[in-house]
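*Asks:* Coordinates only, no sequence provided:
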Ligand SMILES: Nc1ncnc2c1ncn2[C@@H]1O[C@H](COP(=O)(O)OP(=O)(O)OP(=O)(O)O)[C@@H](O)[C@H]1O
Ligand SMILES: [Mg+2]
């Protein structure tokens, strides 16, 4: 037996060595699905399969890199370098470059990101004189995206009313037309959006038999990680490519399907069984990642989902600590409690920062958490949110680079034609754009000879346009004769962009200038890496690389010691020793936008399952009694998922008794009356002061969505004159605090209060404090 096979258990080994035919590995979190995929590829290579005959699809580019690294370690890096491994989007973008001619695209087509797509949709809505309030660009883009992922073309969309509900048809009846115009304009600009990469691959394989056969022949083996989150378009591509050899291996976990909102379908697992009736099913049940408490707690929650494939998960790891549940008074306090706990654990147990992660449901939660971490000098790395590549100055320079590669790229052109200012105003631009639309050509094509398309422009402006054309042509020439870095640095400088940023001496201006430096550094790295790996060093390859980065990939400083902050959606497949989940409140998690139907709640519950199963050693769940929303304090109740956790595996922590006074009438959400969790209040976690409290009476579900923000009805501040030194008080924003000092008289009376977030001096007249413990 090969040595590497000894690093697998019996069930995993079976799944690795049975490489022929179709295989389905459906198994719970942490059971080694990704490991099986990795070793299976290594095994194929060790048995002489050439790497370029293996297609492996992962959830992020980073996951692909890590997998490649691991495979290299097992079988030697010389064998692993030519694997076709990456995300669906990056692999099929590559195939589309080779085969673009079949679809009437140039091989240098641009990839539009979401903001390009939204801008284009905005222009179309404007041209069609539709109301932007009814036709919200983001929503329209969402509809178009769903249509594309279900392979519904604009004409099908327009002709078949079943593709939109009557309600929708009534409200936004021109969506189909916008869709058609959008497709047309993308094509003219030589651009594809993310969904097009899948749609066009499908069209390519459907309409061009020779191409289909070529790739069917090429890929002897196909492997897919996170199969539960593939959408219909991806499913069809896989089905077509695997048709000849049937050597397809997919691994996934239906309980971790969390992208239904983007069109992912759990049904693809059932389809797989139909498509390959001869397939082998492998079950992995042994979780290697987490403690018993974590595995059992996660199982107890997911058991509440009706829709799932039967599955067992057990672990032989230690029992471990129970899952901590901590109630904070406000989100500010929540941040500080988490930061304190991380700091404490790190020092007491000699942990590294990189052993910790904080997960949350929405990106907006990160700001407060970041503040708390910064206050304690805890280094962190944040994924998602407004990423580096979405910053204005970065998009401006990338806009120039895109124009250099593909001048028909209308969105890039609109972005930079008058930045830095060249005196080409918006009136001129709208004339040019209308002419382009009317004639079915790109704006660039109109620029060359505006008069031919009925655009009247005075001679001054014509000169300016000529100047711009010459500039872009020079850039294109530069890019053809230089590597990406040499081209980019000259483009940044000759376009006037560097100078414009350099002249802005404000702190923001400085930071924008540094960001551009950083982008250029990145291009330099790209060139040196490409030299090392013997791959292409030209600008067009660089542009393709950055267009395909996923949220997870857009980060530098990878190796530094930092804690990780990310949404649960991006945490899929990852693992962390110590895990914190913030914001477990009804209306936030589950999200108020996903509480309409049992299906939506089940998806939120799967998301909770994904979150909890990222933890290896400890998991702590936080919720806040009140949270700021749209400028006022909203009272919150704990997430139903906290209540669904089997009480045997959790521990609520406390050092005082302020909790659940004034129970309100209302219905409860208990599923298993015998197993309610214990909740308690806590400001600091101290072992030894744990008290538990049965949740049966006080836990109420409060109305959340639809009712708008409302201040906590139970919060009645004490009169300022009652506030004394030594008291413990509550502040609606900062949470619990201790009065360390009182100064001044009458309306000038001030209190120094020690909150978890630090010391604050508050004018008592305005402070609205509530005493919870006398001095
Ligand atoms: N046989 C094994 N021996 C030792 N460690 C293992 C074994 N199998 C898996 N592991 C480890 O267990 C952890 C979880 O494995 P892996 O990430 O492959 O699980 P997964 O099923 O893909 O999880 P997820 O569902 O979260 O994607 C990893 O750290 C992996 O290295
Ligand atoms: Mg995995």
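*Replies:* Arrived safely, thanks for sending. Remember, predicted model here, so these are calculated numbers, not experimental data. Numbering: from 1, shown residues only. Ligands and ions are numbered 1, 2, ... in the order given.
*Asks:* At the geometric centre of the protein, which residue sits there?
*Replies:* Using Cα atoms, centre = their mean, the residue of the chain that lies closest to the mean C-alpha position is residue 570, 4.6 Å off.
*Asks:* With residue 366 as the reference, measure out to it.
*Replies:* With the distance defined as Cβ to Cβ, to the nearest Å, residue 570 ends up 12 Å from residue 366. All C-beta atoms are positioned from the backbone trio N, CA, C, and that covers glycine.
*Asks:* Quick check: which element contains residue 564?
*Replies:* Assessed by DSSP states H and E, residue 564 sits inside strand 563-567.
*Asks:* and the next element down the chain from that strand?
*Replies:* Scanning forward in sequence from strand 563-567 by DSSP H and E, the next helix or strand is strand 576-581.
*Asks:* For the stretch 651-775 of the chain, just list every one of the helices.
*Replies:* Ranges of helices within the stretch 651-775 of the chain are 764-767, based on DSSP state H, counting those that start in this stretch.
*Asks:* any chance you could map the strands in it?
*Replies:* Remark: strands assigned in the stretch 651-775 of the chain by DSSP state E, counting those that start in this stretch are 728-731, 735-743, 750-755, 758-763, 769-773.
*Asks:* and these as TSV, adding mean neighbour count, mean pLDDT and distance to residue 317?
*Replies:* As requested, the strands of the stretch 651-775 of the chain are exported to TSV (neighbours: other Cβ atoms under 10 Å; pLDDT from 0 to 100; distance: least, Cβ to Cβ, whole Å):
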stretch	mean neighbour count	mean pLDDT	distance to residue 317
strand 728-731	23	90	40
strand 735-743	18	91	35
strand 750-755	20	89	38
strand 758-763	14	81	38
strand 769-773	18	90	40
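*Asks:* Low-confidence ranges, this structure, go.
*Replies:* 161-170, 384-387, 507, 550-560, 630-631, 653-714 (pLDDT under 70).
*Asks:* Show me how it divides into domains.
*Replies:* For the chain, the TED database gives the domain ranges 4-102+202-286, 110-189, 323-385+561-652, 388-548, 727-771.
*Asks:* give me the residue from this structure nearest ligand 2.
*Replies:* Residue nearest to ligand 2 within the chain (Cβ to the ion): residue 34, separated by 3.3 Å.
*Asks:* that older thread, ok, which of the strands of the stretch 651-775 of the chain comes nearest residue 201?
*Replies:* Closest to residue 201 of the strands of the stretch 651-775 of the chain, according to Cβ to Cβ: strand 735-743, at 51.6 Å.
*Asks:* could you say what helices and strands that closest one packs with?
*Replies:* When contacts are defined as 3 or more Cβ pairs under 8 Å, 6 or more residues apart in numbering; DSSP states H and E, strand 735-743 packs onto helix 331-348, strand 728-731, strand 750-755.
*Asks:* ok so, going back, would you reformat the strands of the stretch 651-775 of the chain as CSV and include distance to ligand 2?
*Replies:* Shown next, in CSV, are the strands of the stretch 651-775 of the chain (distance: least, Cβ to the ion, whole Å):
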stretch, distance to ligand 2
strand 728-731, 43
strand 735-743, 37
strand 750-755, 40
strand 758-763, 40
strand 769-773, 45
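*Asks:* Leaving out chain neighbours, which residue sits closest to residue 53?
*Replies:* residue 220 (4.2 Å; Cβ to Cβ, 6 or more residues apart in numbering).
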